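Q: Using only what follows, build the 3D model:
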Amino acid sequence: MLFSNLKMGQLELRNRIAMAPMTRSRATLPGDLANDMMREYYRQRASSGLLISEGIPISTLGRGFSFTPGLYTEEQVESWKPVTKAVHDLGGAIFAQIWHVGRTSHKAITGGELPISSSPVEGVSPAFGPLAEGGYGFLKTEIPREMNHGDIQEVIQQYVVAAENAIEAGFDGIELHGANGYLIEQFMHKATNKRTDEYGGSDENRIRFAVEIITAVANAIGADKTAIRLSPYLTIDHPADDFDMPTTVLKFLETIEPLGIAYVHFSENVMNFREVPITFRQQVRDVFSGKVIIAGRYTKESAQEMLDTGLVDLVAFGEPYIANPDLVYRFKHDLELNEGHRETYYGGAEEGLIDYSVADPEVFATDPAKEQAEAFILNYYSKFDARADTDAFTEDFDWDGFLMSTPDRKIRTEQEYLLFYAETNEVFVDSNHKVENFMLTRKTADSIEATCDVTFTANQKPDPLTPIEVKGRVRFVLKQGEKANTWKINRYLVDVD
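A: Here you go, the predicted structure:
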């Protein structure tokens with residue numbers, strides 16, 4: 001069932017595996033723009049049934065973390081278009097998670113404006129932004145300003161504009177971030193919402209803000225393109241638990257049921273959490289007819305178990321997707337998962353974002369670098385078999401840290417390689433290298449890794465000549481050459497069959 005299709009609104013999802021929204025903090029400044037490395041990040045993970053983007057702020061005041069890309073300016077909308085196109089070109093689907101952090105921010109991030117919330121209740125979690133002494137780091141949040149009715153209507157309209165912008169940018173829909181202690185949950189949660197007007201007090205009042213947002217968004221872009229993330233069994237950034245949150249959430253889902261939104265997405269099993277009882281999942285099914293997504297440290301096996309209950313439609317994976325762009329392929333073929341490098345999770349450049357190795361040949365199948373690298377390797381073998389002049393031949397190598405490894409030999413220097421080349425000329429005639437199943441497995445800013453199956457045939461001296469055939473799997477590490485789109489061999493590792 002994990003790999004079965006799922007109809008969701010107008011979308012036909014190709015499996016039940018979603019990528020959970022994860023802040024990666026790689027936006028381009030100034031402007032808080034999506035960029036090429038983010039396009040590649042989402043493109044590599046397009047085999048997911050549904051990609052849910054990182055949290056995208058709906059306004060400057062809604063931002064709590066620097067380097068998060070927005071959806072509230074024309075330039076930001078344009079910056080997202082190559083991202084969504086890359087996903088759609090590979091048959092993927094992607095929702096934008098739109099986000100207002102509420103109090104989880106700082107004046108250094110909001111342009112000097114005091115963060116807002118349902119009530120003037122200080123949060124627990126820090127923001128991340130520019131430090132007074134320079135650089136970026138965690139910032140202690142302040143007591144927020146309580147939103148008045150004008151603020152509430154303004155923020156609702158900001159959600160609508162961000163949702164419309166998301167559709168303009170090519171997203172298939174939007175997910176409201178109503179979980180993990182951010183603004184929507186700050187209205188729903190008793191420990192944070194201390195209001196005495198129509199937005200505070202009873203369950204009906206505390207869900208009013210969320211109901212008004214999701215209704216306005218659904219009316220603007222279509223209910224089938226609208227979803228929400230909730231976390232009734234987590235306590236994040238609240239001064240105390242609210243053990244009635246599951247009841248509040250059920251009331252909310254029952255209230256919005258006539259809208260017919262695409263899905264509800266539950267964040268579970270992280271930070272300060274309580275286990276979600278099966279009775280709650282059944283209650284959700286009883287009051288809500290949309291799709292149900294869950295996320296929170298699930299494995300392939302536990303995800304399948306949850307799908308088998310019939311109470312869940314998709315399972316979203318967060319951290320496993322950071323290090324495994326081809327997570328669907330690895331699950332399907334029972335392959336070992338890569339380990340993520342936590343120091344690169346937030347901020348930085350391409351390292352830790354788009355340079356993890358892959359096993360799925362489709363990830364880089366249409367990447368221009370694959371065609372370039374394959375042509376380079378074929379040319380290398382052609383020159384080898386033609387016994388090219390050594391000066392022209394060895395220009396294909398990057399000798400800094402070079403390693404050529406075969407089952408019976410290790411070569412680390414240019415001199416050792418030239419000796420190997422001369423010996424093969426003495427021993428073999430009519431040699432030929434046949435290359436098959438060439439695929440890129442890893443790509444960084446200045447190198448790529450590739451593998452291929454190679455069949456070496458030749459006639460071996462002395463006379464009478466002896467025909468030989470050797471088959472093996474070769475792994476190359478190619479370094480970027482001095483000119484664009486040129487390569488040099490830095491690693492040549494052979495496993496003989």
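
Q: Disregarding residues adjacent in the polypeptide, which is nearest to D172?
A: In this structure, D172 finds its nearest non-sequential neighbour in A93, 5.0 Å apart by Cβ to Cβ, 6 or more residues apart in numbering. C-beta: built from backbone N, CA, C; applies to glycine.

Q: ok, now K190?
A: D242 (4.4 Å).

Q: wait, is I167 part of a strand?
A: No. Read with DSSP: H, G, I helix; E, B strand; the rest coil, I167 is helix and lies in no strand.

Q: quick one: contacts for it?
A: 173-174, 221, 225 (Cβ atoms under 8 Å, 6 or more residues apart in numbering).

Q: quick one: the strands in the stretch 151-300 of the chain?
A: Under the criterion DSSP state E, counting those that start in this stretch, the stretch 151-300 of the chain contains strands at 173-177, 226-230, 234-235, 263-267, 272-273, 291-295.

Q: for Y381, what are its contacts?
A: 433, 435, 454.

Q: gap between the helix or strand harbouring it and the chain center?
A: In this assignment (DSSP states H and E), Y381 forms part of helix 368-385. Here helix 368-385 is found 31 Å from its chain centre; the criterion is Cα atoms, centre = their mean, to the nearest Å.

Q: send the alpha carbons of it over as CSV?
A: The C-alpha trace of helix 368-385 is given here as CSV (Å, rounded to 0.1, in the frame of the first residue of the first chain):
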residue,chain,number,x,y,z
PRO,A,368,23.0,17.6,-18.3
ALA,A,369,26.0,16.6,-16.2
LYS,A,370,25.1,12.9,-16.8
GLU,A,371,25.4,13.3,-20.6
GLN,A,372,28.6,15.3,-20.3
ALA,A,373,30.2,12.8,-17.8
GLU,A,374,29.2,9.8,-19.9
ALA,A,375,30.7,11.3,-23.0
PHE,A,376,33.9,12.1,-21.2
ILE,A,377,34.2,8.5,-19.8
LEU,A,378,33.5,7.0,-23.3
ASN,A,379,36.2,9.3,-24.7
TYR,A,380,38.6,8.2,-22.0
TYR,A,381,38.2,4.5,-22.8
SER,A,382,38.3,5.2,-26.5
LYS,A,383,41.7,6.9,-26.1
PHE,A,384,42.9,4.1,-23.8
ASP,A,385,42.0,1.4,-26.4
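
Q: any idea of the mean pLDDT for it?
A: Over the span of helix 368-385, the pLDDT mean works out to 93.

Q: Skip ahead from it and say which helix or strand is next.
A: Next element after helix 368-385 (DSSP H and E): helix 390-394.

Q: What is the subsequent helix or strand relative to that next one?
A: strand 403-406.

Q: Given that following strand, what are its sheet partners and their directions?
A: Strand 403-406 sits in its sheet next to strand 409-411 (antiparallel), strand 487-496 (parallel), going by DSSP bridges.

Q: Please identify the most buried of the ones you listed.
A: strand 487-496 (a mean of 18; mean count of other Cβ atoms under 10 Å).

Q: Contacts made by that one with the rest, please.
A: 372-373, 376, 380, 396-398, 400-407, 447-448, 454, 470-481.

Q: From those residues, list the buried ones, please.
A: 372-373, 376, 380, 396-398, 402, 404, 406, 447-448, 454, 472, 474, 476-480 (16 or more other Cβ atoms under 10 Å).

Q: excluding its backbone neighbours, what's nearest F171?
A: F171's closest residue in space is A96 (Cβ to Cβ, 6+ apart), at 4.3 Å.

Q: got it, and G92?
A: What sits nearest to G92 in space, not counting adjacent residues and going by Cβ to Cβ, 6+ apart, is A46, at 3.4 Å.

Q: Equivalent analysis for R24, please.
A: In space, R24 is closest to E54, 5.7 Å off (Cβ to Cβ, 6+ apart).

Q: Work out for me the element that neighbour sits within.
A: Per DSSP H and E, the secondary structure element for E54 is strand 50-57.

Q: send the alpha carbons of that strand over as PDB?
A: Presented in PDB, the C-alpha positions along strand 50-57 are these (Å, rounded to 0.1, in the frame of the first residue of the first chain):
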ATOM      1  CA  LEU A  50       3.700  14.500  -2.400                       C
ATOM      2  CA  LEU A  51       6.300  17.100  -1.700                       C
ATOM      3  CA  ILE A  52       5.500  19.600   1.000                       C
ATOM      4  CA  SER A  53       7.700  22.600   0.900                       C
ATOM      5  CA  GLU A  54       9.700  24.100   3.700                       C
ATOM      6  CA  GLY A  55       7.700  26.700   5.700                       C
ATOM      7  CA  ILE A  56       7.200  29.800   3.500                       C
ATOM      8  CA  PRO A  57       6.500  33.100   5.400                       C
END
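
Q: next helix or strand past that strand?
A: Strand 50-57 is succeeded, C-terminally, by helix 74-89 (DSSP H and E).

Q: Given the helix or strand just after that next one, what are its sheet partners and their directions?
A: Per DSSP H and E, the first helix or strand lying C-terminal to helix 74-89 is strand 94-99. Using DSSP bridges, the strands paired with strand 94-99 are strand 50-57 (parallel), strand 173-177 (parallel).

Q: Export the shortest one to PDB, keeping only CA atoms.
A: This means strand 173-177. C-alpha atoms of strand 173-177 as PDB (Å, rounded to 0.1, in the frame of the first residue of the first chain):
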ATOM      1  CA  GLY A 173      -1.800  23.600  -3.500                       C
ATOM      2  CA  ILE A 174      -1.000  25.000  -0.100                       C
ATOM      3  CA  GLU A 175      -0.700  23.700   3.400                       C
ATOM      4  CA  LEU A 176      -1.400  26.100   6.300                       C
ATOM      5  CA  HIS A 177       1.100  25.700   9.000                       C
END
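
Q: and the angle from that strand to strand 226-230?
A: Counting by axes from the mean of the first three to the mean of the last three Cα atoms, to 10 degrees, strand 173-177 lies at 30 degrees to strand 226-230.

Q: Run through the residues that contact the residue lying closest to F288 once chain neighbours are set aside.
A: Once flanking residues are discounted, F288 sits nearest to L253: 4.3 Å by Cβ to Cβ, 6+ apart. With contacts defined as Cβ under 8 Å, 6+ apart, L253 is in contact with 264, 284, 287-288.

Q: can you check D172 too?
A: Here D172 is in contact with 11, 93-95, 225 (Cβ under 8 Å, 6+ apart).

Q: same check, this time on A18
A: With Cβ under 8 Å, 6+ apart, A18 has these contacts: 48-52, 293, 295, 314-317.

Q: in the sheet, who's paired with it?
A: Bridge pairing for A18 - DSSP bridges - gives L50, A316.

Q: one step back: among the contacts of Y381, find me the one that's closest to V77.
A: V435 (43.6 Å; Cβ to Cβ).

Q: where's that closest one relative to R475, distance?
A: Between V435 and R475 the distance is 13 Å, computed by Cβ to Cβ, to the nearest Å.

Q: The helix or strand where E40 lies relative to strand 50-57, how many degrees between them?
A: Using DSSP H and E, E40 sits within helix 36-44. Taking the same axes, to 10 degrees, one finds helix 36-44 and strand 50-57 inclined to each other by 150 degrees.
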